[in-house]
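[1] need a structure here:
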Amino acid sequence: MVDPRAHRPPPPPPSDSSSRSADLVTDQSAGATSPRWPAWARVLGVTVLFFVAMFASALLLMPVAELFPKTASGEAVVKILGHVFFGVLLVAAMAVFVHRVEGRPLSFSGFVLTRWSLPLLLLGAVAAGVVQLLAVVPAEALGEVAETEPFGAGAPVLLVTIMAITQALFLQGLPEELVYRGYMISTLRARPLVAVVVSTLVFTLLHLLSGGGQEGAVEMVLYLATPFGFSLSAAGLALLCGSVWPAVGVHAGFHWAWMIGSQMGLGDGPGMWVACGIGHTIIGIVALTVWYRRGARIDYHR
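    Numbering: from 1, shown residues only. The predicted structure is shown next:
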């Protein structure tokens, strides 16, 4: 007797989308350990950790500040020490947090040093600088651009340069990107698009607490255009390049561009906030689209 099952047609091959999803799940589940906290607690916990480290570093630095003269140079040195101390403290705190919550090393958050780290950091910084430069003309059309006091006014050029480097890298770029584009995206990696959305929204909304010269409710909302935009560009470049360092570069580059702009009298204001936000959003959407079409893998290996 002929077995009728022998004449059954083979099952159809999986579609590209289902194949990609299966590969993604397999890739992200291999060797994974289950976090000890639920997702909301991890997002909240790492955000609280960031602010605790910030306040702790400020308190610990207060006695040190009294050892320096109350001059532009003395204050610049104190700020440089504060920037570096906060960066080191945050990285150390993150190492403990990731180990306790995820059972993984700090590299899980993208803190990996390779030969690609510096070039990718510079890539992000150049991208941010280009956006800032191109935003000047439309910023004038979108609204008033107020002049700002030159960064580090009164301090020697060498100290101003060092302060610009340490502030953009150790106070802002590295700590914030390690938390938001690094850890927050990595810990939510099972749902890549959700990871990008959550990290972007949390980062953006926290900037309601930032003082950037906003006046009134409308300007507070317009101010969010910039952190929202460069959150997307940082996430897109980081995920596309497989490294958190382009995100650090975007963040640091944004601040460097603003510092240089203040020296050149380019100013700041709602027009610049919106124009920069639009520019960074375009970069972010393009980078995230390419990343998604390549499989939406979250793998900070560079």
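[2] OK, contacts around residue 193?
    The contact partners of residue 193, by CB atoms under 8 Å, 6 or more residues apart in numbering, come to 292, 296. C-betas here are computed from N, CA, C, even on glycine.
[3] now stretch 94-109: mean pLDDT?
    Mean pLDDT, stretch 94-109: 96.
[4] and stretch 261-278, by the same measure?
    The average pLDDT within stretch 261-278 is 83.
[5] tell me where this structure has helices.
    Here the chain has its helices, by DSSP state H, at 16-29, 39-65, 72-102, 117-134, 136-142, 157-166, 174-177, 185-187, 192-206, 216-223, 225-241, 245-264, 270-293.
[6] can you spell out which helices and strands pack onto the last one?
    Based on contacts counted as 3 or more CB pairs under 8 Å, 6 or more residues apart in numbering; DSSP states H and E, the elements that helix 270-293 packs against are helix 117-134, helix 136-142, helix 192-206, helix 216-223, helix 225-241.
[7] now the first one and helix 225-241, what's the angle there?
    This points to helix 117-134. For helix 117-134 against helix 225-241, the angle by axes from the mean of the first three to the mean of the last three CA atoms, to 10 degrees is 140 degrees.
[8] who touches helix 117-134?
    Residues from elsewhere that reach helix 117-134 (CB under 8 Å, 6+ apart): 230, 233-234, 237, 241, 243, 245-254, 256-258, 261, 276, 279-280, 283, 302.
[9] ok, of the residues you listed, which come out buried?
    When those are checked for burial by 16 or more other CB atoms under 10 Å, the buried set is 230, 233-234, 237, 241, 243, 245-254, 256-258, 261, 276, 279-280, 283, 302.
[10] so which residue is dead centre in the protein?
    residue 177 (3.3 Å; CA atoms, centre = their mean).
[11] how about it, what does it touch?
    By CB under 8 Å, 6+ apart, the neighbours of residue 177 are 110, 234, 238, 244, 247, 248, 251.
[12] now render those as a markdown table, adding distance to residue 193.
    Converted to a markdown table, the contacts of residue 177 look like this (distance: CB to CB, whole Å):
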| residue | distance to residue 193 |
| --- | --- |
| 110 | 18 |
| 234 | 16 |
| 238 | 15 |
| 244 | 18 |
| 247 | 17 |
| 248 | 22 |
| 251 | 22 |
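[13] done for today, thanks.
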